[in-house]
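Colleague: Sequence below, structure please.
(chains A and B)
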2 protein chains.
Amino acid sequence: MVFQKIAILGMGFMGASLAASIRRFGSPDWEIRGFDPLEGRPAWAQSAGIVDCAFSSIKETVEGADLVVSAAPVDHIVGTILEAARHMKQGAILADLGSTRERIETALCEGLPKGAIHAGSHPMAGSEKTGPEHCKDILFVGKWIFLTPGTSSHPALDALEGFWEKLGARVARLGAKEHDQIVATTSHLPHLAAFALANTLPRKWEEFVAGGFRDTTRIAGGAPEIWTPIFDTNRSCVLEALDQYMANLKEWRDALANPGTFEIDKLVKKANETRSRLM
Amino acid sequence: MVFQKIAILGMGFMGASLAASIRRFGSPDWEIRGFDPLEGRPAWAQSAGIVDCAFSSIKETVEGADLVVSAAPVDHIVGTILEAARHMKQGAILADLGSTRERIETALCEGLPKGAIHAGSHPMAGSEKTGPEHCKDILFVGKWIFLTPGTSSHPALDALEGFWEKLGARVARLGAKEHDQIVATTSHLPHLAAFALANTLPRKWEEFVAGGFRDTTRIAGGAPEIWTPIFDTNRSCVLEALDQYMANLKEWRDALANPGTFEIDKLVKKANETRSRLM
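Modeller: The predicted model follows:
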């Protein structure tokens, strides 16, 4: 099963990067169809050459498509997927790039017509920049795609996995809850830590920051349109990860408040080991 | 006043970068003298061409020098400076690159002979890598040097300021306490936050981290020989900064634990504003 017509709903940074990646790594005869509710974005994507046809309605975009991917912010995914399901051809696959899974999949499980094939496809790749003009055609190369097939075990999922691999990605299949716990720690928590760190800096000292502060807060540039709904839809898992982080900071607090350097040294060395395994 | 002979005590990443920067931006007739207690390091610096003469004792290194700079880890600075002061010529200037100031300056105020001229010169530049082989001759270009002249108001301080500017740096004069408060927030806290974040990641999820986690923990690679003494010598200021950070994380906790997205949105937007001012 190969996808000849691919509809992408949402031409922000992620949707445009997906279109550009298909253009780069897909077959030349694949048709890429792009939609965005923001005026100007579909036309921009077409003039940039990353989509073949640009539309301002979901209905037209998904007509005849074999694969429909929603690249909307997490709080708009369910709406776009349900709308797409009403107009797409039988047997087509629905996917979305949502960063949190449990809420979306529960809603779709209830809302989608029986027999519809849907699978989450969350790329562990992104940018603190927003908008299609920053899109990258190598965004998914070497990156994880978390495939959350929900209750679905349709053979079409193998085709979806092959599709992502063609764009250079690695695929891991996870349950929705497990997914949400993993990304709460590996992605949402570092963002929260960076946002809070940026908010700790008094304005009068901003001119004195160096590379360490800058790198540690790079992702504090993440947009509220993206990040507020992510936190909103993954509250319980993020709270769990945050409590673990605060417990570790409390260990630091105790080490600093008590004499001796043994505990400080131990905490630094443990972090060094993790860091060197990440390299 | 120009420094013709410059002695650098410590040929780690910082000392070697200072030597390399002087080689690149200084006059060709300046003599650079290098010392390190670790066997092999002075000879390496000489064979790499970043020092003119290499020594294995402080006494020989500082003989005839106009400027002596200790680039030792913070817990070895006072020892090297006091040793240097016993052997250097009258009127020479003593400086050190220590990342914390109050403890060092209190100790030197008591230990240095009357009339000795000393000033802290803390560069807001560094690397998570250690060792002279990673040294950079443009390390200080565009970076802040925090000059903490203590009780000294000698005109030689202007010469020291001019020296740093010749290497491309910008100089700010600060009191020791003010300095320690600023770096606790701008440098030591992001390191602590990164160390603690690395320590929050369960090993089984390490393979799933992406760019966000990686960038936010880059400085968690900082070596314990450097960072344990920095935290040890700046405990009270780091504790203050950490408490502020934990209060901000508590705000996040409350925003996640209560319904509504208004508070989350506010915290993200505030961080965005800081971040965009840092760019």
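
Colleague: pLDDT below threshold where in chain A?
Modeller: Chain A contains residues with pLDDT under 70 at A:150-153.

Colleague: show me where it has strands.
Modeller: With DSSP state E as the criterion, chain A has strands at A:5-9, A:31-35, A:53-55, A:67-70, A:93-96, A:117-123, A:144-148, A:170-173.

Colleague: Could you point out which of those strands sits nearest chain B?
Modeller: strand A:144-148 (6.0 Å; C-beta to the nearest C-beta). (Glycine included, C-beta is placed from N, CA and C.)

Colleague: For A:F163, which non-adjacent residue is spatially closest?
Modeller: Nearest residue to A:F163, sequence neighbours excluded (C-beta to C-beta, 6 or more residues apart in numbering or on different chains): A:F3, at 6.1 Å.

Colleague: In this structure the one you found contacts A:W30, no?
Modeller: Yes: using C-beta atoms under 8 Å, A:F3 is in contact with A:W30, at 7.0 Å.

Colleague: of these two, who's got more company?
Modeller: Remark: of A:F3 and A:W30, A:F3 carries more neighbours, 24 against 17, as counted by other C-beta atoms under 10 Å in any protein chain shown.

Colleague: Would you tell me which residues of the stretch 1-150 of chain A are close to chain B?
Modeller: Counting by C-beta under 8 Å from any C-beta of the partner chain, the stretch 1-150 of chain A comes close to chain B at A:124-126, A:143-144.

Colleague: rerun that using 7 Å as the cut-off
Modeller: A:124-125, A:143-144 (C-beta under 7 Å from any C-beta of the partner chain).

Colleague: For the residue nearest to A:F163, give me its contacts.
Modeller: A:30, A:66-67, A:163 (C-beta atoms under 7 Å, 6 or more residues apart in numbering or on different chains).

Colleague: Which of those sits closest to chain B?
Modeller: So of the contacts of A:F3, ranked by how close each gets to chain B (C-beta to the nearest C-beta), first place is A:F163, at 20.0 Å.

Colleague: For that closest one, grab the count of nearby residues.
Modeller: There are 25 residues near A:F163, going by other C-beta under 10 Å.

Colleague: Also A:S17?
Modeller: A:S17: 26 surrounding residues under other C-beta under 10 Å.

Colleague: what separates it from chain B, distance-wise?
Modeller: Distance from A:S17 to chain B, counting by C-beta to the nearest C-beta, to the nearest Å: 14 Å.

Colleague: State the distance from that residue to A:T148.
Modeller: Counting by C-beta to C-beta, to the nearest Å, the separation of A:S17 from A:T148 is 20 Å.

Colleague: Centre of the chain to stretch A:155-168, how far?
Modeller: Computed by C-alpha atoms, centre = their mean, to the nearest Å, the chain-centroid distance of stretch A:155-168 equals 17 Å.

Colleague: Run through the residues that contact the spatially closest residue to A:E225 that is not a sequence neighbour.
Modeller: Sequence neighbours aside, A:P73 is the residue nearest to A:E225 in space, at 5.8 Å (criterion: C-beta to C-beta, 6+ apart). A:P73 makes contact with A:225-226, A:229, according to C-beta under 7 Å, 6+ apart.

Colleague: same question, A:S127
Modeller: Neighbouring residues of A:S127 by C-beta under 7 Å, 6+ apart: A:13, A:134.

Colleague: And it, how far from A:P229?
Modeller: In terms of C-beta to C-beta, A:S127 sits 17 Å off from A:P229.

Colleague: How about A:S121?
Modeller: On the measure of C-beta to C-beta, A:S121 and A:P229 end up 18 Å apart.

Colleague: And A:V209, by the same measure?
Modeller: Computed as C-beta to C-beta, the A:V209 to A:P229 distance reads 29 Å.

Colleague: Quick one: work out the angle between the helix of greatest length in chain A and helix B:235-257.
Modeller: In chain A, taking DSSP state H as the definition, the longest helix is helix A:235-257. Between helix A:235-257 and helix B:235-257, the angle comes out at 170 degrees (axes from the mean of the first three to the mean of the last three C-alpha atoms, to 10 degrees).

Colleague: Run the chain-centre distance for helix A:235-257.
Modeller: 25 Å.

Colleague: contacts for that helix?
Modeller: Residues outside helix A:235-257 that contact it (C-beta under 7 Å, 6+ apart) are A:180-181, A:184-185, A:188-189, A:192-193, A:231, A:263-264, A:267, B:192, B:196-197, B:199-200, B:231, B:235, B:238-239, B:242, B:246, B:249, B:252-253, B:256-257.

Colleague: Out of the residues of the stretch 1-150 of chain A next to chain B, which is nearest to chain B?
Modeller: The closest of these to chain B turns out to be A:M124 (C-beta to the nearest C-beta; 4.0 Å).

Colleague: what sits against the closest one?
Modeller: Per C-beta under 7 Å, 6+ apart, neighbours of A:M124: A:143-144, A:146, A:187, B:208, B:210.

Colleague: now, the most widely separated pair of those?
Modeller: Maximum pairwise distance among the contacts of A:M124 (C-beta to C-beta): 12.0 Å, between A:K143 and A:S187.
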